[in-house]
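*Asks:* Give me a model of this one.
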Amino acid sequence: MRRAPMGKEAQSAEKDRNFVTALARGLEILRCFGPSDDYLGNAELAKRTNIPRPTVSRMTATLTQLGYLRYVERLEKYRLGPGVLDLGYRYLAGEGVRDIARPFMQDLADATDCMVAIAAPNGPWMSYIQVCQGSGPLVLRLTVESRVPMAGSAVGRAYLAGLSEEDRATHHRLIREHDPEGWPEWEKGLERAYREYEEYGFCTSDGEWNRDISAVGVPLVLDNDSTVIPFNCGGSSLRLSRRILVENLGPRLKELVGQVKEMLQGRDV
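*Replies:* Presented below is the predicted three-dimensional model:
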């Protein structure tokens with residue numbers, strides 16, 4: 001298939017020795033998806049981008065393996081995958097939520113001598129994108145970019161609990177593929193966490209992914225349930241019993257997330 005003539009900007013970009021054509025084409029494919037185009041096949045993508053269909057097929061296969069697309073077998077088409085959403089969560093949290101949340105997070109960290117943080121999904125992990133520390137000797141010393149397992153951490157469980165069932169299933173599959181031997185135990189822990197979320201509005205992790213760490217997690221759900229940004233509050237399991245998690249930290253973190261959500265209402269984040 002012959003490609004349509006490129007505009008001056010595209011031609012100029014392709015002449016730049018630092019320009020990576022394959023990357024640009026992959027992003028061009030992702031940009032084809034929108035609110036009215038949830039599902040697209042290789043033929044449609046090739047037509048819209050003027051990229052040869054064999055190239056589109058290789059790119060969609062690669063983007064699917066990386067989690068940026070999801071293949072829907074019954075339709076023989078693709079839709080955006082969690083990888084694209086992950087990037088959006090990071091941007092949203094970085095540009096709006098963090099600035100509003102930080103004072104509340106630091107107040108809670110100081111009041112409880114715990115670490116209070118926001119995280120973003122990163123494959124089968126959660127990566128911290130904002131961290132506020134208390135001043136006590138047993139405060140967790142995790143930092144921005146520290147990773148914790150999605151299935152075992154309170155912040156990961158809170159993120160999953162806030163998702164739709166369809167998106168949650170996608171992440172379950174990623175976790176299972178990453179750790180097939182550990183999946184049965186992770187699955188049991190997640191089922192408990194979802195029951196907790198239904199009952200309390202938060203999830204716990206009591207020394208499960210690390211026996212020295214206990215925490216609670218609460219999802220901030222925005223944009224008609226389409227965006228989930230998880231918060232957590234935790235510390236040493238030596239001083240954070242399950243009773244403290246359920247009766248103290250959980251309700252206080254829920255209140256914090258509620259305050260942040262209230263301040264975000266009506267504001268473009």
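
*Asks:* Point out where the stretch 101-250 of the chain drops to low pLDDT.
*Replies:* 136-139 (pLDDT under 70).

*Asks:* which residues of it fall in strands?
*Replies:* Using DSSP state E, counting those that start in this stretch, the strands of the stretch 101-250 of the chain run over residues 115-122, 125-132, 147-149, 203-206, 213-222, 227-236.

*Asks:* Could you give me the buried positions within the third one?
*Replies:* If I follow you right, that is strand 147-149. By 16 or more other CB atoms under 10 Å, the buried positions in strand 147-149 come out as Val148, Pro149. Glycine gets a C-beta too; all of them are placed from N, C-alpha and C.

*Asks:* ok now that strand, how far from the chain's centre?
*Replies:* Remark: strand 147-149 is offset 12 Å from the chain centroid, using CA atoms, centre = their mean, to the nearest Å.

*Asks:* Counting by contacts, list what that strand packs against.
*Replies:* When contacts are defined as 3 or more CB pairs under 8 Å, 6 or more residues apart in numbering; DSSP states H and E, strand 147-149 packs onto strand 125-132, helix 154-162.

*Asks:* Other residues contacting the first one?
*Replies:* Contact with strand 125-132 is made by 90, 93-94, 98, 101-102, 105-106, 108-109, 115-121, 142-150, 153, 155-156, 159, 230, as judged by CB atoms under 8 Å, 6 or more residues apart in numbering.

*Asks:* for the helices and strands packed on strand 147-149, which one ends up most surrounded?
*Replies:* Among the helices and strands packed on strand 147-149, helix 154-162 has the highest mean neighbour count (mean count of other CB atoms under 10 Å), at a mean of 28.

*Asks:* any idea how far that one is from the chain center?
*Replies:* Distance, centroid of helix 154-162 to centroid of chain: 9 Å (CA atoms, centre = their mean).

*Asks:* cool, stretch 115-128 as well?
*Replies:* Worked out by CA atoms, centre = their mean, stretch 115-128 lies 7 Å from the chain centre.
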